[in-house]
Every structure is written in C-alpha cells, then in structure tokens.
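Undergrad: Here is a sequence with its predicted model. Questions after.
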Amino acid sequence: MLKTSENEDSKWLTILRTIPDLLFLVDKNGRFKPFVEQEKAGFVYPSEKYTGKTFHELYDQDLADQFLSAVRETLLTGDFELEYQIYNEGWKHYSARYARLNDNEVICSVRDITAKKE
C-alpha cells in the first residue's frame, strides 16, 4: 500500500469495507497476498485459509487455470473479466473483475451473481 498516515489508512480501510464485493490481491503466480480482512457472506474460505496459497492449492485444475490465465491477461492488458461457478452447498455463480496494480500484482473483485443466473 501507499505510505500514508494511520488516519489515511483507516479511512481507506473503511471505504474498502463498504464495498460489497470480495477483494483480493494476487501476484503473477496466482498466490493470494495479504490484503484487507473481509467478513462477507458466501465466501468459501476465510482469509487465513487462502492468504499465501495459490489458485492451484485451493481450486480444481480447470478453475485454477482460468484464474491464473485471468491474472496473466490482466498483467498484459490492464483489466479482465471472468464469470465462473463453484459448488458450495449448491452451485454459486460469480463475476470477477481484475485490474493491474503493478507489473507483478492484480486486484480482483468478486461478486456473487447466483440470483441473476437463476
């Protein structure tokens, strides 16, 4: 993150917590980086379960490959969108938007779109 005062950090963390989407910081190898603690309904893994892990450690091969391809495409083009589904007590549909932060990291926002798909 940028060098800011604690007051500025607190302000930005508050703003991030108001966003209903899940937010993730991911490196070019598909490894989840520490970011903002989130307690949002419908997410399969709590942050301590995914931080430091790669897509391939958490998801099946095909889905992990899609996520990693999205990260690599984002690093080349600046942004990328992907829709996917995961089975978690029934099929859940998600929309993910990726944006390049720098040459090695992307931010990903994930929204549950299950209700729109049914």
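TA: That came through fine.
Undergrad: Just checking: what are the partner strands of the helix or strand encompassing residue 96?
TA: Assigned by DSSP states H and E, residue 96 belongs to strand 91-100. The pairing partners recorded for strand 91-100 under DSSP bridges are strand 79-87 (antiparallel), strand 105-112 (antiparallel).
Undergrad: so who does the residue nearest to residue 116 when sequence neighbours are not counted touch?
TA: Spatial nearest neighbour of residue 116, excluding adjacent residues (C-beta to C-beta, 6 or more residues apart in numbering): residue 93 at 7.6 Å. The way it works is simple: take the backbone N, C-alpha and C, and place the C-beta from them, glycine included. Counting by C-beta atoms under 8 Å, 6 or more residues apart in numbering, residue 93 touches 83, 84, 85, 112, 113, 114, 116, 117.
Undergrad: Skipping adjacent residues, who's closest to the most centrally placed residue in the chain in space?
TA: By C-alpha atoms, centre = their mean, the chain has its centre lying nearest to residue 24, at 3.2 Å. What sits nearest to residue 24 in space, not counting adjacent residues and going by C-beta to C-beta, 6+ apart, is residue 108, at 4.5 Å.
Undergrad: show me the contacts for the one you found.
TA: 23, 24, 25, 26, 70, 71, 96, 97, 98, 99.
Undergrad: next one: residue 63
TA: With C-beta under 8 Å, 6+ apart, residue 63 has these contacts: 55, 84, 86.
Undergrad: is it true that the last one touches residue 96?
TA: No. Look at residue 86 against residue 96 with C-beta atoms under 8 Å: they stay out of range, at 11.2 Å.
Undergrad: Can you pick out the residue with more neighbours from the two?
TA: Each of residue 86 and residue 96 has its neighbours counted (other C-beta atoms under 10 Å); residue 96 has more, 19 against 13.
Undergrad: beta partners of that one?
TA: residue 82, residue 110.
Undergrad: so it touches residue 109, yeah?
TA: Yes. Contact criterion C-beta under 8 Å: residue 96 and residue 109 qualify, at 7.1 Å.
Undergrad: Check the protein for its longest helix and report it.
TA: For the chain, the helix that runs over the most residues, judged by DSSP state H, is helix 61-77.
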